[in-house]
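Participant: Build me a structure from this.
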Amino acid sequence: MPGRLLTRLRRKTRAWARRRQGADTDPIILSGRRIYILPTAFGTAFAFMVFAMFLGAMNYANNLALGLTFTLGALGLTAMHYCHRNLASLSIASAACEPVFAGEMARFRIALENTAPLARHELTVSNDFNSAEPVRIDPASRAVLQIGLPAQHRGLLPLDHFEVSTRHPFGLFRAWVYLHMDLKCIVYPRPAPRGLVPPPFETDTGGAQDSTRGDADFAGLRSFHPGDSPSRIAWKVYAREQGLQVKLYAGTAVTSHMFDWESLPALGTEARLSQLCRWIEDAHASGRAFGLKLPGVQIAPNIGPAHRQRCLTALALFDADEARP
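Facilitator: Numbering: from 1, shown residues only. Next up, the predicted model:
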């Protein structure tokens with residue numbers, strides 16, 4: 001019961017902060033007026049201890065005890081000031097969020113940049129599901145932290161809110177800020193289990209062949225991409241300091257698949273998308289060229305990571321405006 005009450009209180013507090021602050025820009029520099037600060041459990045115990053020491057020192061008129069009490073009280077007030085200053089004027093921006101499949105954990109990356117001449121300590125980013133490890137950021141430096149959010153359905157997964165907080169120094173106070181940026185992660189459909197055979201392949205010559213296969217006529221050079229075979233690298237061109245180039249060959253007959261939405265009439269919408277996702281993943285893993293046909297969308301056969309991402313993104317955003325369960 002106390003946990004539920006605390007969760008409801010946090011939600012209402014975030015809703016109030018959202019109405020008060022509105023949506024945040026990306027990037028944003030934190031102003032001191034939007035930073036909230038409260039004592040931690042340890043800080044509350046520390047305050048009660050100092051108050052008890054003050055009553056005892058007054059009762060016995062002990063100047064040494066009074067001096068120690070005021071020193072500890074001043075230490076607590078100084079810690080509160082430094083805890084608040086640790087967040088003030090911090091620059092916060094979003095970083096890239098890699099697409100994931102439905103059922104996985106989306107990892108949102110948040111960049112914290114320190115433009116102040118002093119280091120910032122024990123900064124962390126959190127949401128309702130997890131929090132990043134606290135980090136120290138030196139002057140004129142930045143750090144990128146990750147927070148997770150379960151991706152249950154395909155489409156665009158928004159990060160509704162997150163917090164940036166600190167307990168530095170001494171852990172007596174916790175200062176934090178609520179942020180509501182327009183951050184989204186693309187969620188691909190969950191690949192269906194293997195078993196259903198893809199539609200018959202088509203023969204294609206030229207354009208979409210894998211440059212790591214075939215020994216036909218030399219067709220030219222292109223820039224090197226991660227994953228290209230070392231055997232296709234033009235080492236003589238590289239030796240002439242003309243950059244890392246890959247040799248292309250034309251005229252080689254290759255096979256390519258066209259994964260068609262209409263080829264799965266017995267399946268529902270999500271089941272079709274999952275099966276198409278499975279075929280795309282298998283074709284990409286084996287190096288075969290493939291294309292995609294959806295209602296209103298047609299992607300020509302090709303290969304490579306960029307082509308795979310384009311096709312999976314088309315599946316993820318298919319009927320994106322339709323209501324979802």
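Participant: Where do the helices of the stretch 101-250 of the chain begin and end?
Facilitator: Under the criterion DSSP state H, counting those that start in this stretch, the stretch 101-250 of the chain contains helices at 235-239.
Participant: Where does pLDDT dip in it?
Facilitator: For the stretch 101-250 of the chain, the stretches with pLDDT under 70 are 200-229, 248-250.
Participant: any idea what sits nearest Met58, other than its immediate chain neighbours?
Facilitator: Leu66 (7.4 Å; CB to CB, 6 or more residues apart in numbering). For the C-beta atoms, the positions are set from N, CA and C on the backbone; glycine is no exception.
Participant: Got phi/psi on that neighbour?
Facilitator: phi -60, psi -40 (degrees, to the nearest 10).
Participant: do the same with Ser31
Facilitator: Dihedral angles (degrees, to the nearest 10) for Ser31: phi -100, psi 150.
Participant: Contact partners for it?
Facilitator: Contact analysis of Ser31 by CB atoms under 8 Å, 6 or more residues apart in numbering lists 88-89.
Participant: distance of it from Glu113?
Facilitator: 15 Å (CB to CB, to the nearest Å).
Participant: Same question for Asp260.
Facilitator: Separation of Asp260 from Glu113 (CB to CB): 47 Å.
Participant: do the same with Gln242
Facilitator: Distance from Gln242 to Glu113, counting by CB to CB: 37 Å.
Participant: got it, and Ala102?
Facilitator: For Ala102, the distance to Glu113 - CB to CB - is 33 Å.
Participant: of these two, who's got more company?
Facilitator: Ala102 (21 against 17; other CB atoms under 10 Å).
Participant: Next up, the contacts around the more buried one.
Facilitator: 151-154, 187-190 are the contacts of Ala102 under CB under 8 Å, 6+ apart.
Participant: could you flag which of the residues you listed are buried?
Facilitator: Taking 16 or more other CB atoms under 10 Å as the criterion, what is buried in the contacts of Ala102 is 151, 154, 187-190.
Participant: would you turn those into TSV with distance to Arg19?
Facilitator: Conversion of the buried ones among the contacts of Ala102 to TSV gives the following (distance: CB to CB, whole Å):
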residue	distance to Arg19
Ala151	28
Arg154	31
Val187	29
Tyr188	34
Pro189	35
Arg190	36
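Participant: Between those residues, which sits nearest Arg14?
Facilitator: Checking these against Arg14 by CB to CB gives Ala151 as the nearest, at 21.3 Å.
Participant: Identify the residues contacting stretch 77-87?
Facilitator: Residues contacting stretch 77-87 (CB under 8 Å, 6+ apart): 30, 32, 35, 37, 43, 120-123, 164-170, 172-177.
Participant: 7 Å instead?
Facilitator: Stretch 77-87 is contacted by residues 30, 32, 35, 37, 120-121, 164, 166, 168-170, 172-173, 175, 177 when judged by CB atoms under 7 Å, 6 or more residues apart in numbering.
Participant: and what of stretch 148-162?
Facilitator: Contacts for stretch 148-162 (CB under 7 Å, 6+ apart): 14, 100, 102-108, 110, 125-127, 129-130, 147, 178-180, 183-189, 273, 316-317, 320, 324.
Participant: List the buried residues in it.
Facilitator: So, applying 16+ other CB under 10 Å, buried residues of stretch 148-162: 148-149, 151, 154-155, 157, 159, 161-162.
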